[in-house]
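>>> sharing a model that was predicted from the sequence below.
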Amino acid sequence: MGINKRGISGVVITVLLILITISAFFVLANTVVPFVRDNLKKSTECTPYASYFKFQEVFNYQGNNFRFNCYDESGFYGISVKNLGTNKLGAEEPAGLAIVLSDGANKNVINITGSAEIDINRLRMLDSSKTNFIIPERGGIQTYVYNASVTGYNSMEVYPVLRSGRICEKTDEIKIIKCTDNINLE
Amino acid sequence: MIKMMNKKGLSPVIATSLLVAIAVVLALIIFMWARSFIGEVLQKDGSPIEEKCKEITFAADVSTDGIIIENTGNIPIYGVELKKTGFGTSEGKGIFERNTIGTGQTGDLPIPSGITLESDDEVQVIPIIVGEAGNAKKEYSCVSSGITAKVL
């Protein structure tokens, strides 16, 4: 008796299977694929910036050497950064950089964003006539002055900040020395 | 019951072909998709372009009228990028001229528009070479091979 029962016809089952396949394809295309793509992008977006910013330890100008990564007695800190980025395919210029000053126990994070307006009492370009921050371009160097009002920070680190707001891994660190007489940060 | 047993299914050859076709299509889709996440590698003469940068040697005479580049190495120089050095700064984005200077050749490049040089200014001269990424040719600035010159 059961054997003689009729099931769904071959045509109907085929149409159903095709519909289910198409539905599954669209669900995958609209949810799973963007999800995986976004996560993959996040995990790889910092790769081109692995050694992007470096502290310029010695700056040679007009035959003299200057060590701008230094502090003075008033609590001003010089920060000199070189962009060692390459024109890697698909990599865009970062939005800015983050500097972390450290005294061993405490850390102070300074964000420098390209084109942002300067707060002259806190953080500025070494050239005090500049009104907006400049991020060093590929091969270029820029020097900043940070007024911490305190001495004691003995090292700093630099991190690229992407346009997405993401802060990438540290690309360099340097010991901060006392400024020599040929550097005036005030 | 006997009737059901005699029902024909898909032939093994067609089933196998279908499975192989599905697998190939899936593999192609995944490959095309994953390829976009892997950055293209810029090469020159089969080597990573960064390695070729190390082989560049050149001399630069910069004056307010132009730049004379003497290519003393084995890598053709496609152009140069100029960065004007100030006190604590070195800047000048995308300033270069295209004029390939081959091995042992000397090339005369004009000072590009957008940069003003005066005598005794200091500039950084960064060589640009051409690499290949797949079938496309791309310019590459050899930042680490840049030299400092004084404007005459």
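On my side now, so go ahead. All values derive from a computational prediction rather than experimental measurement.

>>> briefly note if stretch A:141-156 comes near chain B.
Yes: counting by CB under 8 Å from any CB of the partner chain, chain B has neighbours in stretch A:141-156: A:141-143. C-betas here are computed from N, CA, C, even on glycine.

>>> who in chain B is up against chain A?
Residues of chain B lying near chain A by CB under 8 Å from any CB: B:1, B:4, B:33, B:37, B:39-40, B:42, B:50, B:81, B:83, B:85-93, B:122, B:124, B:126, B:133, B:138-141, B:143-144, B:146, B:148.

>>> pLDDT on stretch A:139-146, on average?
Average pLDDT, stretch A:139-146: 93.

>>> pull up the gap between residue B:145 and chain A, please.
As judged by CB to the nearest CB, to the nearest Å, residue B:145 and chain A stand 10 Å apart.

>>> now that residue. Nearest residue, chain neighbours left out?
residue B:56 (4.6 Å; CB to CB, 6 or more residues apart in numbering or on different chains).

>>> how about that neighbour, what does it touch?
Each residue near residue B:56 by CB atoms under 8 Å, 6 or more residues apart in numbering or on different chains is listed here: B:73, B:75, B:77, B:127, B:129, B:142, B:145.

>>> out of those, grab the one that's most surrounded.
Among these, the one with the most neighbours (other CB atoms under 10 Å in any protein chain shown) is residue B:127, at 28 neighbours.

>>> and the pLDDT for the residue in chain B that chain A sits nearest to?
At 3.4 Å from chain A, residue B:88 is the closest residue in chain B, using CB to the nearest CB. The model reports residue B:88 with a pLDDT of 91.

>>> make sure it is actually in contact with residue A:70.
No: judged on CB atoms under 8 Å, residue B:88 makes no contact with residue A:70 at a distance of 11.6 Å.

>>> what about residue 72, how many residues nearby?
Picking chain A for this. The number of residues packed around residue A:72, counting by other CB under 10 Å, is 16.

>>> switch to chain B, that's the one I care about
13.

>>> secondary structure class for the residue of chain A found nearest chain B?
Closest to chain B within chain A is residue A:143: 3.4 Å, counting by CB to the nearest CB. Three-state assignment for residue A:143 (DSSP: H, G, I helix; E, B strand; the rest coil): strand.

>>> tell me the contacts of it?
Residue A:143 neighbours (CB under 8 Å, 6+ apart): A:56, A:59, A:68, A:78-81, A:125-126, B:88-89.
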